[in-house]
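Asks: Sharing a sequence plus its predicted fold:
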Amino acid sequence: MIPLAVLEQVIDTSGVAPRIEGMLPIGVRARQLSIRTLLAGICLTQADGRPAHLTRVHRALTALPEDEQRRLGVTADWKNGPHLLTYRQTEYTFALVADALGKDEPDGLPSPELQAVCDQLLEASVPGRFKDASASLAVDWTGLESFSRPPPRGTSDCADPEASWGHRKNNLLRSENELFYGWYFSAGTMAREENGPAVPELARRATVSSCRHDPVPAFAPVLTAMPEHGIPLGDVLADSGYSHRVPQHWAAPLRAAGAQLVQDLHPHDRGPRGTHDGATISNGNLYCPKTPRPLLEPGPLAPGATREQAAAHDAETAEAARCKLGRLTADDADGCHRVQCPAAMGKIRCPLRPASMRLDRDRPEILQPPEHPQACCAQQTLTVPPDVLAKTAQKHDYPSAAWRRSYARRTSAERGFATAKDPASNDIARGWCRLMGLTPLMLFVTTLLIARNQRILAAWNTRQEENARRAARGLPPKTRRRRRKTLTALAAAPGPP
């Protein structure tokens, strides 16, 4: 159970209650239910694991102790004596908020006012001591079904016209994807820095968009706006669903905002993909045109690989890195940078660079240089425009050991959605929210993440206290037991005779 005082502190720190009050029309008589109390009631429903129904919000407020009801205005003095808040008043106030934060012509994307309010609420749920603990974010999206039945074939008439048909992956063997009617729910979760200490995996940004919109360009502006509010962007960890998009929709704006991308590459983007001034474009880098093709084609290491397979894979990617053109400068104002031939940098031996032939023979050697050297072999340096590697360039060479260790942090996004979908607390399956339209749904989703952040913080503090007690007794920190055998190995093992 999350204390009411904690939820009120989040609301007050965000400062959204007076902001929304200023957006509402002034009625003939004062409303009994304030925006601050309404937000507290919504947070209480999610903190208790209740569905996102207005009846539950009203029930949560009227179930508070009498002194709390008086303080929050749930019980007010009227002409005929004390008056308890009614469901109709709750519904009326929530409708005013939804109208104020929604768009005049709904299009399936949140209004700037709605996104700003949700960003402030979610950021206020992150304690000050953790705001600068890590600048890395793991991002992902998931499906969120609408309570409305989809429109009949050939029509668009339904209770939730902003929603749309979308597809999502499932864990069933019969089908890779399944259709659903509703929304895409995107979130960015804190991840620890590379080689840094662990941090609580708190959700810092989220948005909801109709399935008729691509969730990647819908979420990119939410992340790129963070530096404007004093929150620097560090590593952004994403799967191939993000990296495969048009660079202008994801990679380019994120890099311009200061982020460093650590992402998986789609199979269609892996391996050699053209040339630039003679240099081979592969996996986000430029390579010597005589680089053996097998060095440019390995994919990421399989999850169940053995140590020997991992060592062989890492040796192969390290050998490919020797043939990579080395970067000499950072990006200039136009996004261009300069690179140099690996032989000129002393990483390989090549007859076209006589000085490199005096290097030790333990370095790779180009035995058959190009008969007609292009710019990458003839010039001292090479200028790389921003559009050459805009889609696939990232912080580490793909799929090297350094990339693999860094990308492993992206599982915090998966755990974030797992806790949000946990049937033991909040299950956002169909029927969790029965309100129609984007604005009500996004407000409830934001408060769900606020409650989730508080649960993560409580578990984090408990773990730290336990580790401190163990350290006082000279014991190491408690770690989780790891499965010695994978599920695949157990399933393949022969059964009893």
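Replies: Right, received. Where do you want to start?
Asks: what helix or strand does the most centrally placed residue in the chain sit in?
Replies: To find the centre residue of the chain, average its C-alpha atoms and take the closest one (C-alpha atoms, centre = their mean): that gives V139, at 1.4 Å. V139 is part of strand 136-145 when elements are defined by DSSP states H and E.
Asks: Restrict that strand to CA atoms and write it as PDB.
Replies: Written as PDB, here are the backbone C-alpha positions of strand 136-145 (Å, rounded to 0.1, in the frame of the first residue of the first chain):
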ATOM      1  CA  SER A 136      20.600   6.100 -19.800                       C
ATOM      2  CA  LEU A 137      17.100   5.100 -20.900                       C
ATOM      3  CA  ALA A 138      15.800   1.800 -22.200                       C
ATOM      4  CA  VAL A 139      12.800   2.400 -24.500                       C
ATOM      5  CA  ASP A 140      10.100   0.100 -25.900                       C
ATOM      6  CA  TRP A 141       6.400   0.000 -26.700                       C
ATOM      7  CA  THR A 142       3.600  -2.400 -26.100                       C
ATOM      8  CA  GLY A 143      -0.100  -2.800 -27.100                       C
ATOM      9  CA  LEU A 144      -2.900  -1.400 -25.100                       C
ATOM     10  CA  GLU A 145      -6.400  -2.600 -26.000                       C
END
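Asks: quick one: average pLDDT of that strand?
Replies: Strand 136-145 comes out with an average pLDDT of 94.
Asks: And that strand, what does it pack against?
Replies: Under the contact criterion of 3 or more C-beta pairs under 8 Å, 6 or more residues apart in numbering; DSSP states H and E, the helices and strands touching strand 136-145 comprise strand 164-169, strand 177-191, strand 203-210, helix 215-224, strand 235-238, helix 411-420. Where C-beta positions appear, they are placed from N, C-alpha and C, glycine not excepted.
Asks: mind listing what's buried in the second one?
Replies: So that's strand 177-191. 180-191 (16 or more other C-beta atoms under 10 Å).
Asks: Give the other helices and strands that it contacts.
Replies: Under the contact criterion of 3+ C-beta pairs under 8 Å, 6+ apart, strand 177-191 touches strand 136-145, strand 164-169, strand 203-210, helix 215-224, strand 235-238, helix 411-420, helix 438-472.
Asks: Which of those sits closest to R19?
Replies: Using C-beta to C-beta as the criterion, the shortest distance between R19 and those is 13.7 Å, found for helix 438-472.
Asks: in the closest one, what counts as buried?
Replies: Buried residues in helix 438-472, counting neighbours by 16+ other C-beta under 10 Å, are found at 438-454, 456-457, 460.
Asks: Any stretches of the stretch 101-250 of the chain with poor pLDDT?
Replies: By pLDDT under 70, the low-scoring segments of the stretch 101-250 of the chain are 170-176.
Asks: quick one, strands of the stretch 251-400 of the chain?
Replies: Shown for the stretch 251-400 of the chain, the strands assigned by DSSP state E, counting those that start in this stretch span residues 260-263, 272-276, 279-282, 285-287, 326-327, 337-340, 382-384.
Asks: Nearest to A257 among the buried residues of strand 177-191?
Replies: Of all the buried residues of strand 177-191, the one sitting nearest A257 is G188; the distance, using C-beta to C-beta, is 12.6 Å.
Asks: Any chance of the helices and strands packed on strand 177-191 in CSV with distance to Q263 as columns?
Replies: As requested, those are exported to CSV (distance: least, C-beta to C-beta, whole Å):
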stretch, distance to Q263
strand 136-145, 9
strand 164-169, 18
strand 203-210, 17
helix 215-224, 11
strand 235-238, 4
helix 411-420, 12
helix 438-472, 23
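Asks: which one of the ones you listed lies closest to E308?
Replies: Judged by C-beta to C-beta, the one of the helices and strands packed on strand 177-191 that comes nearest to E308 is helix 411-420, at 24.4 Å.
Asks: returning to what we had before: next, work out how far apart the residue nearest to the centre of the chain and A259 are.
Replies: Between V139 and A259 the distance is 10 Å, computed by C-beta to C-beta, to the nearest Å.
Asks: cool, and L359?
Replies: Look at L359 and A259: by C-beta to C-beta, they are 37 Å apart.
Asks: okay, the two: which has more neighbours?
Replies: Using other C-beta atoms under 10 Å, the more surrounded residue of L359 and A259 is A259, with 23 against 16.
Asks: if I read this right, the more buried one contacts P232, doesn't it?
Replies: No - in terms of C-beta atoms under 8 Å, A259 does not count as a neighbour of P232; the distance is 9.0 Å.
Asks: separation between the residue of the chain most remote from its centre and L61?
Replies: With distances taken from the mean C-alpha point of the chain and given as C-alpha atoms, centre = their mean, the most distant residue is N80, at 52.4 Å. Counting by C-beta to C-beta, the gap between N80 and L61 amounts to 21 Å.
Asks: repeat for V236
Replies: Using C-beta to C-beta, one gets 39 Å for the distance from V236 to L61.
Asks: out of these two, which sits in the busier spot?
Replies: More crowded of V236 and L61, by other C-beta under 10 Å: V236, with 28 against 25.
Asks: Tell me the bridge partners for that one.
Replies: Here V236 shows beta-bridge partners L137, L261, assigned using DSSP bridges.
Asks: surely it meets A257?
Replies: No - under the criterion of C-beta under 8 Å, V236 makes no contact with A257, lying 9.3 Å away.
Asks: okay, and the common contacts of these two?
Replies: Taking C-beta atoms under 8 Å, 6 or more residues apart in numbering as the contact criterion, the residues that touch both V236 and A257 are L223.
Asks: who touches H249 in this structure?
Replies: 214, 216-217, 220.
Asks: how much space is there between it and P215?
Replies: Between H249 and P215 the distance, using C-beta to C-beta, works out to 11 Å.
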